[in-house]
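1. Pasted the sequence and its predicted model underneath.
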Amino acid sequence: HCTPSVRLEEQFPESTSGYAEEGRLAHEIAELKLRKQFVEPMTPAKFKSRLKKLQENPLYQEEMLRYTDDYVDYISGVVHQFNYPPYIAVEKRLDFSSHVKEGFGTGDCIIIGGETLRIIDLKYGKGVPVSAVDNPQMKLYALGAYLEYSFLYPISKVVMTIVQPRLDDTSEFELGVDELLNWGDSIKPVAEKAFAGEGEYVPGEWCRFCRARSLCRARSDFNSSLEEMKNMKPPLITDEEVGQILTRSRD
């Protein structure tokens, strides 16, 4: 949306919040559960010990167990839809730097079976629902996963899912591989501009994710223009204004 902001915000320190740290902890609990169930042989004692360590975090809440269970249950349902055990990866680093320079992310859960690649993302926040439909982050992750595994599996379609258990919301979006690759090619010029810090500053709702938002001149000018518009007079004058004009003309 605003390509030069990528370089602009580099001069501001990264920050976190209690909500972000809470989400990080929930992801760690979910990862542990998924590893035990699908990836890593783990005795009950070892699982309990590793979970107890996570529960020592001051941000831990009992409800995290329930909500991460919901997430794991969803993934179990997906796994059981396949005719034979699919490939499963948890917290997988996904490299899409061939399309976005130095671009990478972490896929919460990757499942591959037959010709289908599934990317499943846990969103622990409860503020705003996040849809998987045409979601750029999910498509980048899908692109990275396809590039990672396409030489091993005959992938023809990708299903992207966002699970938000605290909102009881799950959304899915499916793309054919050709559609995904065409989209990946279409964003290359935008990514190159962003990496170079070029392009026009474009204020919008995405500013809330930018570290430079408080001091950004484009955003300040945009907000000022909104304030001016808010203070604009309506196109028709009121009866009171008519009276004031007649009084001045008489005087």
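-> That came through, no problem.
2. can you tell me how far the closest residue to C2 other than its chain neighbours sits from R166?
-> Leaving aside its chain neighbours, C2 sits nearest to V202 (4.4 Å; criterion: C-beta to C-beta, 6 or more residues apart in numbering). Backbone N, C-alpha and C define where each C-beta goes, glycine included. Distance of V202 to R166, given as C-beta to C-beta, to the nearest Å: 32 Å.
3. What does the pLDDT read for R248?
-> R248 carries a pLDDT score of 58 in this model.
4. same thing with M232?
-> For M232, the model assigns a pLDDT of 55.
5. please begin residue numbering at 817 from this point
-> Right, with 817 as the first residue, what we last looked at is M1048.
6. which helices and strands does the biggest helix by length in the chain pack with?
-> Secondary structure assigned by DSSP state H gives helix 993-1012 as the longest helix of the chain. The contact analysis (3 or more C-beta pairs under 8 Å, 6 or more residues apart in numbering; DSSP states H and E) places helix 993-1012 against helix 821-824, helix 952-965, strand 973-980.
7. could you redo the last one with a cut-off of 10 Å?
-> helix 821-824, helix 952-965, strand 973-980, strand 985-992 (3 or more C-beta pairs under 10 Å, 6 or more residues apart in numbering; DSSP states H and E).
8. possible to save those as JSON lines with mean pLDDT, mean neighbour count and distance to E830?
-> Output for the helices and strands packed on helix 993-1012, formatted as JSON lines (pLDDT from 0 to 100; neighbours: other C-beta atoms under 10 Å; distance: least, C-beta to C-beta, whole Å):
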{"stretch": "helix 821-824", "mean pLDDT": "91", "mean neighbour count": "19", "distance to E830": "13"}
{"stretch": "helix 952-965", "mean pLDDT": "96", "mean neighbour count": "22", "distance to E830": "18"}
{"stretch": "strand 973-980", "mean pLDDT": "97", "mean neighbour count": "22", "distance to E830": "24"}
{"stretch": "strand 985-992", "mean pLDDT": "96", "mean neighbour count": "16", "distance to E830": "28"}
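9. Output those as JSON lines; include the columns distance to R1029.
-> Shown next, in JSON lines, are these (distance: least, C-beta to C-beta, whole Å):
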{"stretch": "helix 821-824", "distance to R1029": "9"}
{"stretch": "helix 952-965", "distance to R1029": "19"}
{"stretch": "strand 973-980", "distance to R1029": "25"}
{"stretch": "strand 985-992", "distance to R1029": "27"}
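10. For R851, find the nearest of the ones you listed.
-> Closest to R851 of these is strand 973-980 (C-beta to C-beta; 17.2 Å).
11. Restrict that closest one to CA atoms and write it as PDB.
-> Below are the C-alpha coordinates for strand 973-980, written out as PDB (Å, rounded to 0.1, in the frame of the first residue of the first chain):
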ATOM      1  CA  LYS A 973      -3.900 -26.200  -5.300                       C
ATOM      2  CA  VAL A 974      -3.300 -24.400  -2.100                       C
ATOM      3  CA  VAL A 975      -5.900 -23.900   0.700                       C
ATOM      4  CA  MET A 976      -5.100 -21.100   3.200                       C
ATOM      5  CA  THR A 977      -6.800 -21.000   6.600                       C
ATOM      6  CA  ILE A 978      -6.900 -18.600   9.500                       C
ATOM      7  CA  VAL A 979      -8.200 -19.900  12.800                       C
ATOM      8  CA  GLN A 980      -9.200 -17.400  15.500                       C
END
